[in-house]
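Visitor: Quick one, structure for this:
(one chain, ligands or ions: 1)
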Amino acid sequence: MKIVINEKHEINKLVSNEIIRLVKSNPKAVLGLATGGTPLGVYEELIKDHQENQTDYSQVITFNLDEYYDLEPTHKESYHTYMNDNLFSKININLDNTHFPDLNNPESYTNLLEQHRVDFQILGVGSNGHIGFNEPGTPFESITHYVTLAESTRKDNARFFNSIDEVPTKAVTMGLNDIIKSKRIVLIAFGANKAQAIKQLVDGAESENWPVTILKRHPYVTLYLDKEAASLL
Ligand code: F6R
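Guide: Numbering: from 1, shown residues only. Next up is the predicted model:
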């Protein structure tokens with residue numbers, strides 16, 4: 001596992017440059033995408049590059065990690081809306097090539113992922129070590145499934161809603177066994193509240209109590225950390 005510790009803006013540049021290089025060399029690249037605060041700077045860099053250099057996303061295929069179960073896709077905090085607002089509407093992606101977990105048939109997403117293996121998966125991490133919405137205790141063999149969000153996750157995400165009561169309690173997420181099949185994984189962590197999860201990943205043993213530790217099994221992972229997220233290493 002390669003570890004890069006750098007400033008946020010440098011990390012956003014490094015990760016976006018890797019995605020841009022991939023899309024230029026493989027116009028049909030399959031990208032695994034995350035939402036939340038962490039990847040926003042990377043998406044901004046992709047948009048800037050698209051505007052300046054017309055990098056072509058018309059054939060790129062995307063799979064998002066997760067979606068809230070109890071929000072309409074048109075809700076302003078749904079991950080559909082997040083992706084449209086923060087990336088899809090600002091590059092020339094074909095929306096037919098963008099995918100989210102099927103809220104009525106989660107397993108079908110795993111079948112789809114088997115047909116389109118993800119070339120590049122971008123991940124954030126929860127303060128409790130979740131990736132996607134695979135909360136602590138999720139089996140490493142899990143495929144796309146329904147989840148009940150941990151209270152700590154609902155608290156972490158309350159900043160996007162008017163109050164914690166509005167934060168959904170359920171979601172559908174790609175499973176850990178889906179995520180680990182990606183050819184390349186980049187995990188970004190910013191801030192001191194991610195430091196414990198990063199320490200478990202780097203220095204701890206594989207454990208379903210810290211879902212992120214499944215990444216220890218993957219041959220081609222890079223962690224991009226700011227100083228705060230790396231502070232316990
Ligand atoms: C989002 C996702 C989550 C987030 C994690 C960190 O699609 O799958 O695992 O990456 O909750 O969220 P932020 O980036 O808001 O700290």
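
Visitor: So which bits of this structure are right by the ligand?
Guide: The chain comes close to the ligand at residues 34-38, 65-66, 124-126, 130-133, as judged by C-beta under 6 Å from any ligand atom. No exception for glycine: its C-beta is placed from N, CA and C like everyone else's.

Visitor: Can you give me the pLDDT of the residue nearest to residue 134 when sequence neighbours are not counted?
Guide: Distances taken as C-beta to C-beta, 6 or more residues apart in numbering place residue 211 nearest to residue 134, at 4.5 Å, with adjacent residues excluded. pLDDT, residue 211: 98.

Visitor: List the contacts of residue 211.
Guide: Contact analysis of residue 211 by C-beta atoms under 8 Å, 6 or more residues apart in numbering lists 129-131, 134-136, 138, 140, 176.

Visitor: Give me the distance between it and residue 153.
Guide: Separation of residue 211 from residue 153 (C-beta to C-beta, to the nearest Å) stands at 12 Å.

Visitor: any common contacting residues for these two?
Guide: By C-beta under 8 Å, 6+ apart, the residues touching both residue 211 and residue 153 are 130, 135.

Visitor: Enumerate the beta-bridge partners assigned to residue 173.
Guide: residue 66, residue 145 (DSSP bridges).

Visitor: Hmm, it is touching residue 134, no?
Guide: Yes: the criterion here is C-beta atoms under 8 Å, and residue 173 meets it with residue 134 at 5.8 Å.

Visitor: Please identify every residue contacting each of those two.
Guide: Common neighbours of residue 173 and residue 134, counting by C-beta under 8 Å, 6+ apart, are residue 147.

Visitor: before we move on, back to that, can you list which of the residues of the chain next to the ligand are found in strands?
Guide: Judged by DSSP state E, strands contain the following of those: residue 66.

Visitor: how about the residue positioned nearest the centre of the chain, what does it touch?
Guide: With distances taken as C-alpha atoms, centre = their mean, the chain has residue 34 as the residue nearest its mean C-alpha position (2.6 Å). Contacts for residue 34 were tallied using C-beta under 8 Å, 6+ apart; they are 64-65, 122-124, 132.

Visitor: give me phi/psi at it?
Guide: phi -110, psi 160 (degrees, to the nearest 10).

Visitor: gap between the lowest-mean-pLDDT helix or strand in the chain and the chain center?
Guide: Within the chain, confidence by mean pLDDT, DSSP states H and E is lowest for helix 151-157 among all helices and strands, at a mean of 94. Averaged C-alpha coordinates place helix 151-157 at 16 Å from its chain's average position (C-alpha atoms, centre = their mean, to the nearest Å).
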